[in-house]
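> no sequence on hand, only this structure:
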């Protein structure tokens, strides 16, 4: 019997407002956090506005994000990863693997020619 387990990788479009990293003193491992604005509410219909959500990320994601001109909308490839919070609890949360380049920004738009 043969079967293929599907991948859980997905893409996310997030409005990034902050990025941060720290290096663990004992191992030198770099841990990256990316904070984004997300619509508030969901299961709470009375809650309106926006909340801040934090995602763990690869070091390459930190390097690729340029927030010098303010918050930016970015497309990411993500996958669920086991994560441990400050209390030692383990959960599966989305981990940002890489920034997906915006193809529309890479190719300049054709300009109409004026006569």
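Nice, thanks for sending it over. Just so it is clear, the model here is predicted, and its values are computed rather than measured.
> alpha carbons only for contacts and neighbour counts from here, please
Noted.
> list the buried residues in the longest helix seen in the chain.
Longest helix in the chain, counting residues (DSSP state H): helix 59-64. Under the neighbour-count criterion of 16 or more other C-alpha atoms under 10 Å, helix 59-64 has 59, 61-62 buried.
> what's the answer for stretch 77-95, then?
For stretch 77-95, a neighbour-count test (16+ other C-alpha under 10 Å) marks 77-79, 93-95 as buried.
> before we move on, the earlier item: would you format the buried residues of helix 59-64 as JSON lines with distance to residue 45 included?
JSON lines is the format used below for the buried residues of helix 59-64 (distance: C-alpha to C-alpha, whole Å):
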{"residue": "59", "distance to residue 45": "36"}
{"residue": "61", "distance to residue 45": "33"}
{"residue": "62", "distance to residue 45": "34"}
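> turn those residues into JSON lines, columns for distance to residue 83 and pLDDT.
Putting the buried residues of helix 59-64 into JSON lines (distance: C-alpha to C-alpha, whole Å; pLDDT from 0 to 100) gives the following:
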{"residue": "59", "distance to residue 83": "16", "pLDDT": "95"}
{"residue": "61", "distance to residue 83": "18", "pLDDT": "96"}
{"residue": "62", "distance to residue 83": "18", "pLDDT": "96"}
